[in-house]
Structures are given as structure tokens and as C-alpha cells.
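A.B. asks: Structure for this input, please:
(3 chains)
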Amino acid sequence: MSKSGLTPARMNYILWAIFLAFMIIPAVRPIGIPFPIGPEAKHAYELVQNLPEGSLVFFSVDASIGGWAEVGPGGEALFQHVMAKRHRVVFVALTAPDGPLIAEQMVNKYHVKDTRKYGVDYVIFPYLPGGVTAAMAMADDFWKAFGKDYYGSPLDTLPIMKDVHGAKDFKLAITLDNNAGTETLATQWWTKYKTVIISQTMVMMYSWLRPYKDGGQVEALLSGARHGAEYEYLIKSPGAGMASTDMISLTHAGMVIAVIISNSVYYFVRKGEKK
Amino acid sequence: MSKYLKSLGALYFASAIALFIFIEYYLAVPVLSAASKELQGFAITAGGFAIVLGFTEMARLHLTRIRKKTAKEWPFSICLLVALGVITILGLVLTPRHWIYQTLFGNVYTPLDSAMYALTGFYIISATFRAFRIRSMDMLIFMIPAMLILMYNGPIFAAVWEGFGPLGAWLVDVANTAALRAYRITAAVGAVVFTVRVILGIERRWLG
Amino acid sequence: MNVALIPGAILTIMIFSYIIKDNLSFKFAESLFVGYTIAHQLVMTVDGLQSSVGGPLAKGNFVPIIGVLFGIVILTRLIPSLRYVSLWGIALVIGVSTALFTRGLLGSDIMGQITGTIGAGIVGTGQQIFDRIVMIIGVLTAMSYFIFTETTVGGRPIFQYPRSIGKYFLLIGFGVGYGMTFLSRMALLFGRVVDLLRAIGILA
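C.D. replies: A predicted model of the protein is given here:
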């Protein structure tokens, strides 16, 4: 390396510039590399699609806004699908304080108030600290866990809450998770109430959470913008997920080539040194 | 009263609570379940107060830095405390539902939090380039699945050879799941042991 | 150029400047972030507690005040001479959370994972049988790697070969995790890049 004048710092800058180009080019000029729709996204789609209209859905926004670039595409696609199917949605935040703010942002972004009525079709609850403890409190007795909704309305003034008493009442639980939301639901709600869970999580957590999918605790495990893109395709609503697939292709191809080059150089340098 | 005696009561209190919550689940007696729910509510409320501890300690630390004019640190402590104070007051007085709080959340906190997460992207690029060199058998066994997963995740590779999909899926669904499952089971056993220690009053590290 | 996104773009660039070297603008943005995060956590926690405690209080149910009292007990930690009093509040939180956590783990992380490993048994198509055998071997050998940390007993190696196989399974698992992490980080970085492009008007 020192012979060519390529210091590690300069090498870093070159790599970063190349990979930033791999991001900027497809963002400005989409290439349209096709991507396959996997069984996970299809299964999650069918779970939402096959629920009878008006089913109660527990929607936990357990993602901080910092990780929304990963969790958001799939999360928003799930949100749109659940609203389009006219399910009744209870928004909570088990593990992330940003949850209620993000839920509100989604409601405003997709103009939910034009077609659904707050308090009848959906309700937002504030963040309750305690993680596992809060999850069990909601599962056992929702009315005891919360006295008011996010806007300060008592629960008995919200018509949707007549049918919500605990985990048993929800046909489906969805978690948008980059902060232990899936583990909380899987260990608490599934263990006691066998709740059907869809988790949209970050890709880096996917391998860690995969045993839950295999063990049956989680019905569908979506990860990152990749599965988000597939779900967007299924609901025919292109968004940030589909916009990122070209970037994923270029950066991953670039890294595979970079590793091959790095190992080749390393191999030949070592071979030269041995001689 | 010795430090030991002062903490003994709290230790046995934790044991009793843990034992009660644990046993109640398997007995399913309505009165006990009702009591358990109340205890959970108290724990949620009490746990929420712990954030105040963190808030106070942070404020105390940075006020000390400002007072002592700790070299190169104190101007940033002022910045931190200003942010701490302004957002706390806005949030508690106006509430998070107010448009000012939401605007600051969207235009200040969101880019900061997102950028902090995104910053690691640069380092994983250089780390992967630098570290993924076949120096040993262990490194080879680590690298091959990593490379295959890169090819599994990148749609462009599926267009080149459709076998990357099933191969990557097998690695994730079988090989990776087996390893992480072992990790989960072992970690869960450790957690159960910790709870048993709390119930028996043997676990004292949390007493400080 | 999208004026509303400019402050966010400036803050993003201040954070990203760290890749060149640690500097004042990064430190400023970092301090702002840390202060904001703690304040935001406090605000949202208070907001949530207003619902769980304030709601029942408004209806004349004063039982949740006991939780508030325990919370105040925890705050005595701030007074050095009363630190031991705070242990009672902490004891409540620890007792409840560890018991709840373990209750759930027994079902999902122990029994759930054991039944998931065994599945329907070593039956089915050739692929299913192969996968099941690999799964069982992988779980058992990787567990032996964690549990049997003593590599010799009386000078003789124990479980040497299962531990080696388990180590390789773990390496595969970590390799898969690393590959997944790469995608994750790229997606997060891409999100910021897109917002920067929007701020300067290249993207709508």
C-alpha cells in the first residue's frame, strides 16, 4: 500500500466516494433492476388481506425515527394496507418513545382522517415506559394500562375501545421494530395469548429474530427496505422501499467486487513477500 | 444501621415480588391476577421516574463541567444543557402534540438521529474492505456466508443466477437459525438463572 | 431547493464531517443530539404516565398513586444519605420485570425454540430431512460450545469435536448477521443521502 502512496485514509475516501455514487446515481436516475417477491412479504400480505374487514389490529410503532429509513418503507406499506382493508387499528409504542409521533406522521401523510374516523376506526396511545411490563399490562387489561389516549380522551369516550380489553381481542399484532419490540411481543403476547404477529424489523436484526419465525412465535418477519419494497409492490404503492432496490444492487455488487479485489491484492502481495 | 441491613429489606422485597408475579401466572386465580396487574402498573409508573434520575445526573455532570470550565468540553456542555432545557420545557408545557414540538422533531431530531445511525454506513464499507481477507479457516467460514448473503440481498445477483435466492434462504433459515437458536436458548437459561437468584435473594449486584 | 429540509441537511453534514476527523461542528451536533434525546425521552415518558396515572385519578381511582410513591422513592437516590431508601423502588421494578421477562422466555425462548428445533421430526422430503438434521446438529453443537467451556477434564478433551462443529455453525451465523448488517447500514445511509438530495433540489 505505502509503495503506491495509497494511505488507508485515502483508500477510505475513495471507497466512500464510490459507494456514495452507487447511492446517488440510482436515486437520481432509477435503473429499474427487477427484484423477486419472496415468501415472507407474500405471507405478511396474505395475513392482512385475509382478515375480515373491521378486525382489530394492534399496531406497535417500536422504531425510533433514526432507523426509519430501514423500517419505514415496510411499516408504511403495512399501515396503508391495514387502513385500505378498513381494519380497526390501535396504535401503541411499547419500546420507542418516538412511536406516537411517528404514528401521527403516518396518519397525516396518508390522509387517513379523510376516510377513517379517529376513535371509531383507529386510536393512538402514548408511549408507556417499561417495555416488557408495559406489554403485559396492555395484554392483560388495556383499560388498566391506559386511562386516556394520546390526545387526552378518556377511553370510555372512544367507541373502538368497547371491543378492546386485552391481547385476546386483537386478530393481529404488527410491530415496526428497531428496539426490542418483536422480542417483547414474542415473549409476552405470544407466550400467554398466542397472538399472530407480523414484525417489520431492521435487516441487521433479522438473523437474530429468525428463530422466532421458525419457532412459530412470529408469523411473518419482514426485514428492512428490501421486504418493504416487496410489500409496496404487492399493495401497488411504490415508495422509498422500491426506490432503494437499485441502490441495494449496486452497493452489494460493489462490495463483493471490492472484497474479491482486496483478497486478490492480499494474496499476491503475500505471495511476493514469501518469495 | 449497617449498609447490609439497610439493603436486606429491599432484597427480600424484590424476591417476594418476583416470586409472586412468577407463580401467579401458573395459578390463574382471579384475585392473584388482579393483584399482579396492579403491581405491574406500579412498576411501570415507578420505572418511568427512573428517567428523571438519568436526566438529573446528566444535568449535574454537565453543570459541573461548565462550572469547572473543563478544557474543550464546557462549551458543548452549554449546548447540551440548552437543548435539554428547551425541549423539556416545550414538551412539558406545550405537549408533544403541539406543532412547534413536532416541527422540531421533524427538522432537528429526525436528521440528527438518522445521521447518527447512517454514520456507521461509512465505517462498515471500509471495515468490510479491510477485514474480509482470508487469513485463516475461521475467517473463511465467516466470510463465505457473509458474501453469499450479500449476493442473496442484492437483487442484481438474482438476475445473474437464480440459485443465490434459495442458497441464501437456506443459510438464513437453517444454518443461521440453528446457531442463533442455540444462542437464544442458552441466553434464556441464563436469564432464568438470574430470576431464580433474584427470587432466592442471592442476586445482590443491583443493590450497588 | 427545499428550504424546509435545509436545517436537517446542515445537521446531517455536521454529523457526517466526523468521517474526515473529529471536529467542533460534529461535537456541537452531537451535544445537541444527546441533550435532545434525553429531554425527548423525559417528555414522552411523562406524557405516557399522564395517561396511565392521570386517567384513573380523574375518575377517583387513587390506587395508581402507590406507583407514584414508589417512583418518588426511586428519586431519593439523588440524595446520598437516602440512597438505601431508593432500593425499595428499584426492588419493585426489578422484581416485576425479571419475573415477567422470565415467564415469557420460558415459553418463547426455551420451549418454543426446542419445539422449533425438533419440528415435526425427521420426516418429509429429502430436503426437509436434511434441513432438520442440520438444524438439530447445529443447535446441539452450538449449545455445547457455550455450555462446555472447560475444554479438558482430567487432561482429556471433552466434547472437542462437537464444540468445533458448534463454533463453525456460530461463525456461519455471525457471517450471515454481518451480511445482513451491511444491507442495513447501506439502507440507513441511503435514507440520509436521499434527504440531502431533496434539500439541495436534485430530487423532488
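
A.B. asks: what helices or strands is the helix or strand where B:Ile125 lies leaning on?
C.D. replies: For B:Ile125, the enclosing helix or strand under DSSP states H and E is helix B:110-131. Helix B:110-131 sits against helix A:8-28, helix A:68-84, helix A:240-274, helix C:6-16, helix C:24-52, helix C:160-199, with contacts defined as 3 or more C-beta pairs under 8 Å, 6 or more residues apart in numbering or on different chains; DSSP states H and E. Where you see a C-beta, it was placed from the backbone N, CA and C, and this is true even at glycine.

A.B. asks: Quick check: the closest residue to A:Asn178 other than its chain neighbours vs A:Met205, distance?
C.D. replies: Spatial nearest neighbour of A:Asn178, chain neighbours left out: A:Gly67 (3.7 Å); criterion: C-beta to C-beta, 6 or more residues apart in numbering or on different chains. Relative to A:Met205, A:Gly67 is positioned 10 Å away (C-beta to C-beta, to the nearest Å).

A.B. asks: any shared contact partners between these two?
C.D. replies: A:Asn178 (C-beta atoms under 8 Å, 6 or more residues apart in numbering or on different chains).

A.B. asks: neighbours of residue 168, just the number please.
C.D. replies: Reading this off chain A. 11 (other C-beta atoms under 10 Å in any protein chain shown).

A.B. asks: Switch to chain C, please.
C.D. replies: So C:Tyr168, with other C-beta under 10 Å, has 20 neighbours.

A.B. asks: which residues touch C:Leu106?
C.D. replies: A:Thr191, B:Ala188, B:Val192.

A.B. asks: where are the low-confidence patches of chain C?
C.D. replies: Low-confidence segments of chain C, defined by pLDDT under 70: C:151.

A.B. asks: what's next to the helix or strand just after the helix holding B:Ile125, contact-wise?
C.D. replies: Per DSSP H and E, helix B:110-131 leads on to helix B:137-153 as the next helix or strand towards the C-terminus. By C-beta under 8 Å, 6+ apart, the residues outside helix B:137-153 that reach it are A:203, A:226, A:248, A:252, A:255-256, A:259, B:132-134, B:157, B:164-165, B:167-169, B:171-172, B:175-176, C:167-168, C:171-172, C:174-176, C:178-180, C:182-183.

A.B. asks: Can I have the buried ones of those as a PyMOL selection?
C.D. replies: Remark: buried members of the contacts of helix B:137-153, expressed as a PyMOL selection using 16 or more other C-beta atoms under 10 Å in any protein chain shown:
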select buried, (chain A and resi 203+226+248+252+255+256+259) or (chain B and resi 132+133+157+164+165+167+168+171+172+175+176) or (chain C and resi 167+168+171+172+174+175+176+178+179+180+182+183)
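
A.B. asks: Which element is encountered next along the chain beyond the helix or strand of chain B with the lowest mean pLDDT?
C.D. replies: None of the helices or strands of chain B scores lower by mean pLDDT, DSSP states H and E than helix B:3-27, at a mean of 87. Note on helix B:3-27: by DSSP H and E, the next helix or strand toward the C-terminus is helix B:30-68.

A.B. asks: For that following helix, name the packing helices and strands.
C.D. replies: So helix B:30-68, by 3+ C-beta pairs under 8 Å, 6+ apart, packs with helix A:132-140, helix A:142-145, helix B:3-27, helix B:74-94, helix C:24-52, helix C:65-75, helix C:83-105.

A.B. asks: Name the residues of the first one that are buried.
C.D. replies: Of the residues in helix A:132-140, those scored as buried under the neighbour-count criterion (16+ other C-beta under 10 Å) are A:Val132, A:Thr133, A:Ala134, A:Ala135, A:Met136, A:Ala137, A:Met138, A:Ala139, A:Asp140.

A.B. asks: correct me, but the fifth one touches B:Gly41?
C.D. replies: Translated: A:Met136. No. Counting by C-beta atoms under 8 Å, A:Met136 does not reach B:Gly41; the two are 10.5 Å apart.

A.B. asks: coming back round to it: so which of the helices and strands packed on helix B:30-68 comes closest to A:Asp121?
C.D. replies: helix A:142-145 (17.2 Å; C-beta to C-beta).

A.B. asks: Can you pull out the residues in contact with the helix or strand that the closest one is followed by?
C.D. replies: Later in the chain than helix A:142-145, the nearest helix or strand by DSSP H and E is strand A:172-177. Contact with strand A:172-177 is made by A:47-48, A:51, A:55, A:57-63, A:71-72, A:74-75, A:78, A:82, A:87, A:94-95, A:102, A:167, A:181-182, A:185, A:189, A:195-202, A:205, as judged by C-beta under 8 Å, 6+ apart.

A.B. asks: returning to that earlier point: same list, the buried residues of helix A:132-140, but as JSON lines with distance to chain C please.
C.D. replies: Formatted as JSON lines, the buried residues of helix A:132-140 follow (distance: C-beta to the nearest C-beta, whole Å):
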{"residue": "A:Val132", "distance to chain C": "5"}
{"residue": "A:Thr133", "distance to chain C": "5"}
{"residue": "A:Ala134", "distance to chain C": "8"}
{"residue": "A:Ala135", "distance to chain C": "8"}
{"residue": "A:Met136", "distance to chain C": "5"}
{"residue": "A:Ala137", "distance to chain C": "8"}
{"residue": "A:Met138", "distance to chain C": "10"}
{"residue": "A:Ala139", "distance to chain C": "10"}
{"residue": "A:Asp140", "distance to chain C": "10"}
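
A.B. asks: Enumerate every residue touching C:Gly54.
C.D. replies: A:Gly147, A:Lys148.

A.B. asks: Next: A:Leu234.
C.D. replies: A:Ile37, A:Ala41, A:Lys42, A:Tyr45, A:Ala77.

A.B. asks: Make a PyMOL selection of the buried ones in those residues.
C.D. replies: Burial among the contacts of A:Leu234 is assessed by 16+ other C-beta under 10 Å; the matching PyMOL selection reads:
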select buried, chain A and resi 41+45+77
